[in-house]
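>>> sequence first, predicted model second:
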Amino acid sequence: MNNAIYNAKNPYQGTQKKVLCVCSAGLLRSPTAALVLANEHKYNTRACGIDKGHALIPLSDQLLYWADEIVCMDREQVDRVSKEIESFNTNYSYIPDIKTPVYALNIPDRYERMNKELIEEISRRYYEVVECKDD
């Protein structure tokens with residue numbers, strides 16, 4: 001696993017911002033968010049789920065370490081991701097602490113993957129929550 005952690009910062013991935021999109025199972029909202037952010041902003045994106053029992057790609061230490069920014073679909077996921085980051089920082093004392101910003105877009109779990117309303121909501125909320133903070 002340590003090699004995977006170190007490979008997460010592989011310089012050959014390019015210079016684009018690496019954004020991890022997180023939802024419950026990583027099946028509907030977060031993959032849509034990853035595609036929207038990749039298409040609209042040209043970010044290097046990944047999608048995962050916090051529910052390890054249902055997630056197609058579960059949240060992992062490697063993904064946490066890889067990300068420059070983490071975008072969760074709701075506040076509960078931000079809390080869970082923050083606890084995972086805290087655990088990572090405790091368990092990997094020989095690696096610099098993760099200080100990645102974590103945002104909640106507050107998008108309810110009521111959309112199908114790539115639903116037009118979901119795409120519009122992600123674009124709007126990302127602008128309001130993340131981009132406006134950078135100004």
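Yes, it's here.
>>> look up how far residue 111 lies from the closest residue in space to residue 46 that isn't next to it in sequence.
The shortest distance from residue 46 to any non-neighbouring residue, by CB to CB, 6 or more residues apart in numbering, is to residue 20 (5.3 Å). For every residue, glycine as well, the C-beta is placed using N, CA and C. Look at residue 20 and residue 111: by CB to CB, to the nearest Å, they are 20 Å apart.
>>> who's more crowded, those two?
In terms of neighbours (other CB atoms under 10 Å), residue 20 is the more surrounded of residue 20 and residue 111; the figures are 25 against 18.
>>> I'd assumed the more buried one was in a helix, is it?
No - assessed with DSSP: H, G, I helix; E, B strand; the rest coil, residue 20 is strand; it does not lie in a helix.
>>> okay but it is in contact with residue 70, surely?
Yes - Residue 20 is within contact range of residue 70, at 4.8 Å (criterion: CB atoms under 8 Å).
>>> which parts of the protein are helices?
2-7, 29-41, 61-66, 75-91, 116-126, 132-134 (DSSP state H).
>>> give the buried residues for the second one.
Meaning helix 29-41. Neighbour counts over helix 29-41 (16 or more other CB atoms under 10 Å) mark 29-38 as buried.
>>> name the nearest of these relative to residue 86.
residue 30 (21.1 Å; CB to CB).
>>> the closest one is in contact with residue 19, isn't it?
No - using CB under 8 Å as the test, residue 30 is too far from residue 19 to be in contact (10.5 Å).
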